[in-house]
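> Build me a model:
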Amino acid sequence: MIKYMDKPTFKEYLLLTLNEISVSQNVKLDGNLKFTVVPVIEDGKSLNSTDEYLQRGMLNEDNLKGREFDFETVTNMLSCRVPLCPIWINVLFKEQREGEKLIELQTSLRFRNPSILQNQDTNHPPFKAI
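Alright, predicted model coming up:
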């Protein structure tokens, strides 16, 4: 169980997940990666004040729809409240375009401590390769 999270660890775990996708889907995920962020509203799960603040200010459809981010921007966005981070993030390879690859990050809006993050079994929580 992970008990500590900082930005370098968050970035490392995302890179490990991207590597896992690269191997499992036989696609080379290097070079120019672009990311979309898709917040997922979970039925029956309540948001605390930190979650609501982040949803209203940054992780809302008006701010994210149609936007693509580079690796640094997306990791800074999702690790902005370390040690808190989204309780889970699903990582999907969406498409390869000329000169770049598009990755979708489906993310929980619930930011929690590292010890209760989901996907502990992947050894790179909160990420899960889909």
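> make it CA atoms for all contacts and neighbour counts henceforth
Noted.
> May I ask which helix or strand encompasses N76?
According to DSSP states H and E, N76 maps onto helix 71-78.
> repeat for Q96
Counting by DSSP H and E, Q96 is found in strand 89-97.
> Next, L54: secondary structure please.
With DSSP: H, G, I helix; E, B strand; the rest coil as the basis, the three-state label of L54 is helix.
> and it, how many neighbours?
Counted with other C-alpha atoms under 10 Å, residues neighbouring L54 total 18.
> Please report the distance of it from C80.
Counting by C-alpha to C-alpha, to the nearest Å, the separation of L54 from C80 is 9 Å.
> Kindly report the same for I2.
18 Å.
> contacting residues around the most far-flung residue of the chain relative to its centre?
Distance from the centre of the chain peaks at E98, with 23.6 Å (C-alpha atoms, centre = their mean). Residues counted as contacts of E98 (C-alpha atoms under 8 Å, 6 or more residues apart in numbering): none.
> angle of the longest helix seen in the chain against helix 71-78?
When the chain is parsed with DSSP state H, its longest helix is helix 7-24. Following axes from the mean of the first three to the mean of the last three C-alpha atoms, to 10 degrees, one obtains 120 degrees for the angle between helix 7-24 and helix 71-78.
> as a whole number, average confidence for helix 7-24?
For helix 7-24, mean pLDDT is 94.
> where in the chain is pLDDT low?
The chain contains no residues with pLDDT under 70.
> can we see that at 90?
Scanning the chain for pLDDT under 90 picks out 1-4, 24-32, 61, 96-99, 121, 123.
> Surely R81 is in a helix?
No. Per three-state DSSP, R81 lies outside any helix segment and is coil.
> That one: neighbouring residues, count only.
Counted with other C-alpha under 10 Å, residues neighbouring R81 total 17.
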